[in-house]
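> Fold the following, please.
(one chain, ligands or ions: 2)
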Amino acid sequence: MKLNIALLAGDGIGPEVINQAVKVSNAIAKKFNHQITWTSALTGAAAIDAVGEPYPDTTHEICMAADAVLFGAIGHPRFDNDPKAKVRPEQGLLKMRQKLGLYANVRPTFTFPSLIDNSPLKRERIEGTDIIILRELTGGIYFGARGRLDDGNTAFDTCTYTRAEVQRLAKLGFEMAMTRSKKLCCVDKANVLETSRLWRETVQDMEKDYPEVTVSYEFVDAVAMRLVQWPNSYDVLITENLFGDILTDEASVISGSMGLMPSASVGIHTSLYEPIHGSYPQAAGKDIANPLATVLSAAMMFEDAFGLKEEAELIREVVNKSLAEGVVTEDLAGKNKAYKTSEVGDWLAKNI
Ligand code: IPM
Ligand code: MG
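Ligands and ions are numbered 1, 2, ... in the order given. Alright, predicted model coming up:
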């Protein structure tokens, strides 16, 4: 099969972790006789430095022409400490989501048997966790009108949702629930927010189309608590943009390391696969960052974008093997030998 993949390494540790996913993908291509064409493009602070903006049109064209986008990370401390900066790397990510129509962010959270004790949560609470948070990604407060009032001392951000936006996200949630345990949780704040009441009303109307799915409606503050208390009580959760941003970081704690969890963003145009962690600038260039979240994002890409399940399974299998055999970066090594980012990538490729 011919696979045309756009490669957006981005900032910080992005290029280092992306390189390992490329090694692993190339090993898969060799083994299963696929031809991958990688096309690199600039995003984030790297793009601001080169051409003055974080998601240049040339990058968008490359993404549109590709079958899938593999993405590293975005963000640079130079901008974080400057609230007055006019252009920020994160704007590139938001523009990319919007222009590619990536309205759904799929973030699985699961545990690795060999790493259960790395989680700050008790083994009996998290063992066997397998949940998916489906976050709306191109609406809500992230994209509503914002600004300052004349005196500069008052600021506002607005949250807007249309019924159609809720429907298309919820449809994915119902369909995903149908392929799993047929349990769906709609996370909102309908006791306070009008947008949440629209979410609840819309999802309630859709229930009749999926009679086999049991839907629960829960407030986001309660979910934030239950997610770490009894993650196993959930399966598929759907929620709006900002709630999803917060809950997905919280959920990553269950797996024991942010360096492990992959994600997919899907919607109207090309789908995008990326680790959920950020650009980890303190580690940039040191060859110490954990590449597994990016490698597992590549596995999601093989399976979801190209329908190559066996290839995806093999990647997951060698990742599990590397964890079981302790071929891991310093975040997971504990007192044992820590491998370099590039060494983990080489090991995975060799084992494929
Ligand atoms: C994420 C990140 C982004 C977000 C930032 C970098 C803009 O936190 O992908 O979760 O808030 O969506
Ligand atoms: Mg986030």
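> all helices of the stretch 251-352 of the chain, in order?
For the stretch 251-352 of the chain, the helices defined by DSSP state H, counting those that start in this stretch cover 292-300, 306, 309-324, 330-333, 341-351.
> who touches the helix or strand bottoming out on mean pLDDT in the chain?
Ranked by mean pLDDT, DSSP states H and E, the weakest helix or strand in the chain is helix 77-80, scoring a mean of 86. Identification of contacts with helix 77-80 by C-beta atoms under 8 Å, 6 or more residues apart in numbering yields A45, A85, R88, P89, E90, P281. C-beta coordinates here come from the backbone N, C-alpha and C atoms, glycine included.
> ok now that helix, how far from the chain's centre?
Its chain's average C-alpha position is 22 Å from that of helix 77-80, according to C-alpha atoms, centre = their mean, to the nearest Å.
> now do stretch 132-151
Per C-alpha atoms, centre = their mean, the centroid offset for stretch 132-151 relative to its chain is 18 Å.
> which parts of the chain sit against ligand 1?
Selection of the chain residues close to ligand 1 by C-beta under 6 Å from any ligand atom yields G75, E90, L93, D245.
> what sits against the last one?
Taking C-beta under 8 Å, 6+ apart as the contact definition, D245 lies against R135.
> and it, what pLDDT?
Looking at D245, its pLDDT is 94.
> Name the secondary structure element that contains it.
Using DSSP states H and E, D245 falls within helix 241-252.
> Could you give the number of residues near R200?
The burial count assigned to R200 is 16, neighbours taken as other C-beta atoms under 10 Å.
> Grab the most central residue of the protein for me.
S263 (3.1 Å; C-alpha atoms, centre = their mean).
> so it makes contact with A298?
No. Between S263 and A298 there is no contact under C-beta atoms under 8 Å: 11.9 Å.
> joint contacts of these two?
Shared contacts of S263 and A298, counting by C-beta under 8 Å, 6+ apart, come down to Y273.
> mind checking how far whichever residue of the stretch 201-350 of the chain sits closest to ligand 1 is from I268?
Closest residue of the stretch 201-350 of the chain to ligand 1, C-beta to the nearest ligand atom: D245 (4.5 Å). Here the distance between D245 and I268 works out to 21 Å (C-beta to C-beta, to the nearest Å).
> G152 now?
37 Å.
> thinking again about what came up before, tell me which residues of the least confident helix or strand of the chain come out buried.
Under the neighbour-count criterion of 16 or more other C-beta atoms under 10 Å, helix 77-80 has F79 buried.
> And for stretch 85-93?
Result for stretch 85-93 [16+ other C-beta under 10 Å]: buried residues R88, P89, E90, Q91, G92, L93.
> which one of those is nearest I28?
Nearest to I28 out of these is L93 (C-beta to C-beta; 26.8 Å).
> Kindly check the end-to-end length of stretch 110-119 for me.
11 Å (C-alpha to C-alpha, to the nearest Å).
> Tell me which residues are up against that stretch.
By C-beta under 8 Å, 6+ apart, stretch 110-119 touches 123, 126-131, 253-257, 260, 320, 323-324, 332.
> Buried subset of these as a ChimeraX selection?
A single ChimeraX command selects the buried members of the contacts of stretch 110-119 (16+ other C-beta under 10 Å):
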select :126,129,131,253,254,255,256,257,260,323,332
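> Which of the contacts of stretch 110-119 fall in strands?
D130, I131 (DSSP state E).
> For the helices of the stretch 251-352 of the chain, which has the smallest mean pLDDT value?
Looking at the helices of the stretch 251-352 of the chain, the bottom one is helix 330-333 with a mean of 92.
> Please compute how far that one lies from its chain's middle.
Per C-alpha atoms, centre = their mean, the centroid offset for helix 330-333 relative to its chain is 21 Å.
> one step back: between the residues of the chain next to ligand 1, which sits nearest L169?
Nearest member of the residues of the chain next to ligand 1 to L169, counting by C-beta to C-beta, is D245, at 14.3 Å.
> which residue ranges form the strands in the stretch 51-200 of the chain?
Assigned by DSSP state E, counting those that start in this stretch, the stretch 51-200 of the chain shows strands spanning 68-73, 104-110, 130-136, 146-148, 155-157, 183-188.
> Could you identify which of these is most buried?
strand 68-73 (a mean of 26; mean count of other C-beta atoms under 10 Å).
> With just CA atoms, put that one into PDB.
What follows is strand 68-73, C-alpha atoms only, in PDB (Å, rounded to 0.1, in the frame of the first residue of the first chain):
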ATOM      1  CA  ALA A  68      -2.600  11.200   7.400                       C
ATOM      2  CA  VAL A  69      -0.600  13.700   9.500                       C
ATOM      3  CA  LEU A  70       1.800  12.600  12.200                       C
ATOM      4  CA  PHE A  71       2.500  15.400  14.600                       C
ATOM      5  CA  GLY A  72       5.100  15.900  17.400                       C
ATOM      6  CA  ALA A  73       4.500  18.800  19.800                       C
END
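> Please compute how far the helix holding D245 lies from its chain's middle.
10 Å.
> Perfect, I'm done here.
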